[in-house]
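Undergrad: model the structure of this input:
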Amino acid sequence: MTESEKIDEYIVQHIDRESDYMHSLWRATQLHLLYGRMASGHIQGRLLKMLVTMIRPKMVLELGTYSGYSGLCIAEGLEEGAHLHTVEINDEQEDFTLPWFQRSPYADKITMHIGDAMDIVPRLGLTFDMAFIDADKRRYVEYYEMVLHHLAPGGYILADNTLWDGHVVEENVHDAQTLGIMAFNDLVAADERVEKVILPLRDGLTIIRKK
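TA: Just a heads-up that it's a prediction; the model follows:
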């Protein structure tokens, strides 16, 4: 076990436990989907729920539904009457994810959309209090500008994978996903419209507040 794995194990032993339902979803994700590590997982899931409870958003947007783990953690923290709109571009993901939403205690708090977020979100005509960006890394700058336009003043954006396995500090980077994350990080760092901080949790989580 690596030092990082030991730290993660220690954290897991000292935070709220993962529910049986969420553990079953995590297991199913690893068994039946490619790239299972893309799911948020227990530690980040508890953080998402905690942040939602603290921020108390009425309307939340998620870009990148995948197996639904992060969406369910967000929904768990929502107050009565609050709602999550989650957008997944891969239509083949719907058959796996939607039943997990529908069987959960939070089914009435979640609407899943299939398609390109750049088309779907503007059509919703909604203003969001919080957004979680965890989609195509090559389009993070594009997603950020679109989401910021639909975010209420004082609203929050959480952007996942912003350290990208440490590739953001490498030299001579050529792959499009790393370049996309680096461009996003540089843009947010210089953006006077927002306050921002990067947490070195898992693969990097940036918390952004619109002024």
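
Undergrad: list the contacts for residue 143?
TA: 63, 117-118, 133, 135-136 (C-beta atoms under 8 Å, 6 or more residues apart in numbering). C-beta: built from backbone N, CA, C; applies to glycine.

Undergrad: any idea which helix or strand comes after the helix or strand hosting residue 144?
TA: Using DSSP states H and E, residue 144 sits within helix 140-149. Along the chain past helix 140-149, the next helix or strand (assigned with DSSP H and E) turns out to be strand 151-160.

Undergrad: returning to that earlier point: from the contacts of residue 143, which land in helices?
TA: When the contacts of residue 143 are checked against helices (DSSP state H), the matches are 117-118.

Undergrad: gap between residue 149 and residue 157?
TA: The spacing between residue 149 and residue 157, counted by C-beta to C-beta, to the nearest Å, is 11 Å.

Undergrad: which one's more surrounded, those two?
TA: For the pair residue 149 and residue 157, the greater number of neighbours falls to residue 157 (23 against 10), based on other C-beta atoms under 10 Å.

Undergrad: torsion angles phi and psi at the residue nearest to the more buried one when sequence neighbours are not counted?
TA: The shortest distance from residue 157 to any non-neighbouring residue, by C-beta to C-beta, 6 or more residues apart in numbering, is to residue 208 (4.1 Å). Main-chain torsions, residue 208, degrees, to the nearest 10: phi -120, psi 130.

Undergrad: which residues touch residue 208?
TA: Residue 208 neighbours (C-beta under 8 Å, 6+ apart): 156-159, 188, 194-196.

Undergrad: beta partners for it?
TA: Beta bridges link residue 208 to residue 157, residue 196 when assigned by DSSP bridges.

Undergrad: this protein: strands as residue ranges?
TA: Applying DSSP state E to the chain gives strands spanning 59-63, 83-88, 110-114, 128-133, 151-160, 194-199, 205-210.

Undergrad: okay, those strands in CSV with distance to residue 7 next?
TA: Shown next, in CSV, are the strands of the chain (distance: least, C-beta to C-beta, whole Å):
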stretch, distance to residue 7
strand 59-63, 27
strand 83-88, 30
strand 110-114, 32
strand 128-133, 24
strand 151-160, 19
strand 194-199, 14
strand 205-210, 16
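
Undergrad: next, format those as JSON lines and append distance to residue 45 and mean pLDDT.
TA: Putting those into JSON lines (distance: least, C-beta to C-beta, whole Å; pLDDT from 0 to 100) gives the following:
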{"stretch": "strand 59-63", "distance to residue 45": "13", "mean pLDDT": "98"}
{"stretch": "strand 83-88", "distance to residue 45": "14", "mean pLDDT": "98"}
{"stretch": "strand 110-114", "distance to residue 45": "15", "mean pLDDT": "98"}
{"stretch": "strand 128-133", "distance to residue 45": "11", "mean pLDDT": "98"}
{"stretch": "strand 151-160", "distance to residue 45": "12", "mean pLDDT": "98"}
{"stretch": "strand 194-199", "distance to residue 45": "14", "mean pLDDT": "98"}
{"stretch": "strand 205-210", "distance to residue 45": "12", "mean pLDDT": "98"}
